[in-house]
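*Asks:* Show me the folded form of this:
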Amino acid sequence: CRTRSSRLSMNASRIALCNALLPFLAVHACYLLAAYGGHVDWCFPYVDSCTSISKTGRQAPEYFLFKATMIPAGLLMILFWRLNLEWLRSLGDEESRLAASIPWLGLVAGVCLVMYTIALGHKGESFQLVRRTGVTLHFAMTFLAQLFMTIRLRAMRAQPDFPVSSRVVHAMWGVCLLVVALGLLHDFLKATFPGYDDRFEDAMEWNVALLLNIHYFLTWIGWRQSGFQLVHGIRGRA
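*Replies:* Residues are numbered from 1 along each chain as shown. The predicted structure is shown next:
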């Protein structure tokens, strides 16, 4: 007998699409359930600041849906960011420190999302600390991973026949700049206007989460444009 090997490839864009859709649809479905059950007010949370994202998953039945979707979303995110390093390499990225740090940032972001989700709905100072730490680190690490990836794409787009369109890369960069602008605006308003937290902070959280999700969708488009494939080696005997 002799050993033979072959390679199996799979379009990776489905993973990126699931990573973008799962948390986005889950949070909005939980909000609708919570509002229908009278647990939060009916409103447009991106503007009205009537509820935080956390409040959409604190009571049943939305509590169970939130955990059943956001825990897998956190685990999928870890895989997604690991694959982004492979994507950058497939586009010709050199072994830069920024690219190498992306999977680790994604790992922290995913783990923190899982921790936050598990602690949500439980009372006590320790659970509150886990929730605050988890959501803060999740947003921060996700943004840094997106920023670093966008910086590397901007550096590579001058290559001949670069498969990702300039529009997608420019849009990614625009999203990153908007996140920074919202963060600076948040800090300014919080330091300047008393009562800002109660009136606007929840809407700010919804908008930042939306921008991060838009970046995920743009990454999915980039994966599709470049034809990014997952390749697995298969060995057998003949």
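
*Asks:* so residue 145 makes contact with residue 110?
*Replies:* No: taking contacts as Cβ atoms under 8 Å, residue 145 lies outside contact range of residue 110: 10.1 Å. In short, each C-beta sits where N, CA and C put it, glycine included.

*Asks:* anything in contact with each of those two?
*Replies:* Any residue near both residue 145 and residue 110 by Cβ atoms under 8 Å, 6 or more residues apart in numbering counts here, and that gives residue 81.

*Asks:* any weak-confidence spans in this protein?
*Replies:* Within the chain, the set of residues satisfying pLDDT under 70 comprises 1-11, 195-199, 231-238.

*Asks:* any idea where the strands of it begin and end?
*Replies:* Secondary structure of the chain (DSSP state E): strands located at 3-11, 229-237.

*Asks:* Mind listing residues that contact stretch 168-182?
*Replies:* Here stretch 168-182 makes contact (Cβ under 8 Å, 6+ apart) with 143, 146-147, 149-150, 153-154, 157, 204, 207-208, 211-212, 214-215, 218-219, 221-222, 225.

*Asks:* Would you mind writing the CA trace of that stretch as PDB?
*Replies:* Extracted in PDB, the C-alpha atoms of stretch 168-182 (Å, rounded to 0.1, in the frame of the first residue of the first chain):
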ATOM      1  CA  VAL A 168     -14.300  48.000   0.400                       C
ATOM      2  CA  VAL A 169     -11.000  49.000   1.900                       C
ATOM      3  CA  HIS A 170     -12.000  52.600   2.000                       C
ATOM      4  CA  ALA A 171     -15.300  51.700   3.600                       C
ATOM      5  CA  MET A 172     -13.500  49.600   6.300                       C
ATOM      6  CA  TRP A 173     -11.300  52.600   7.000                       C
ATOM      7  CA  GLY A 174     -14.300  54.900   7.200                       C
ATOM      8  CA  VAL A 175     -16.000  52.600   9.700                       C
ATOM      9  CA  CYS A 176     -12.800  52.600  11.900                       C
ATOM     10  CA  LEU A 177     -12.700  56.300  11.900                       C
ATOM     11  CA  LEU A 178     -16.400  56.600  12.800                       C
ATOM     12  CA  VAL A 179     -15.800  54.300  15.800                       C
ATOM     13  CA  VAL A 180     -13.000  56.500  17.000                       C
ATOM     14  CA  ALA A 181     -15.100  59.600  16.400                       C
ATOM     15  CA  LEU A 182     -18.000  58.200  18.400                       C
END
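
*Asks:* Buried residues in that stretch, which are they?
*Replies:* Buried residues in stretch 168-182, counting neighbours by 16 or more other Cβ atoms under 10 Å, are found at 168-169, 171-173, 175-176, 178-179.

*Asks:* before we move on, what about stretch 207-219?
*Replies:* By 16+ other Cβ under 10 Å, the buried positions in stretch 207-219 come out as 207-209, 211-219.
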